[in-house]
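In: could you work out the structure for the sequence below:
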Amino acid sequence: MSSFLKKFKDFAMRGNVVDLAVGIIIGAAFGKIVTSLVSDIIMPPIGVIVGGVDFEELKLPIHSAVDAAGKPLPPVTINYGTFLQTTVDFVIVAFAVFLLIQLITRLQKKEEDKPAEPAVTNEEKLLTEIRDLLKNK
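Out: Reported below is the predicted structural model:
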């Protein structure tokens, strides 16, 4: 059984698994930031522009009912406002990821464009030493 636990520990501590875990945690936090940006900053002005609409309140009731005592039950609704808000969240996240990929690509291209230092072979080193010795004579 200890061999199984050792294998699991080796798997869990591999660099790729840890990197993936960090990426998921950061992605979840980034998702919360984007959701707040959309729902708290972007959508309220859009709602004002389109006539004071709160997108979260946009619903299409499809069924209403009453319980046995005659009290109305909450209606069954299609929440298309929430869907619109989630779609805007997605577009913003996709655009942010696109910009990030563009930045990374640009930085990688700049690295590739730099001329690489030519590797000096042992023969070249020896010839350089011989040249320097002949110069000093």
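In: contacts and neighbour counts: CA atoms only from here.
Out: Noted.
In: the helices in the chain, which residues?
Out: Using DSSP state H, the helices of the chain run over residues 2-12, 15-36, 43-49, 80-113, 122-136.
In: leaving out the residues flanking it, which one is nearest to Pro61?
Out: Leaving aside its chain neighbours, Pro61 sits nearest to Thr77 (4.1 Å; criterion: CA to CA, 6 or more residues apart in numbering).
In: in CSV, list the helices of the chain along with mean neighbour count, mean pLDDT and distance to Ser64.
Out: Converted to CSV, these look like this (neighbours: other CA atoms under 10 Å; pLDDT from 0 to 100; distance: least, CA to CA, whole Å):
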stretch, mean neighbour count, mean pLDDT, distance to Ser64
helix 2-12, 10, 83, 51
helix 15-36, 13, 83, 31
helix 43-49, 14, 84, 27
helix 80-113, 13, 84, 18
helix 122-136, 10, 87, 86
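In: which one of those helices lies closest to Leu73?
Out: Among these, helix 80-113 comes nearest to Leu73, with 20.4 Å by CA to CA.
In: tilt between the closest one and helix 15-36?
Out: Counting by axes from the mean of the first three to the mean of the last three CA atoms, to 10 degrees, helix 80-113 points 130 degrees away from the direction of helix 15-36.
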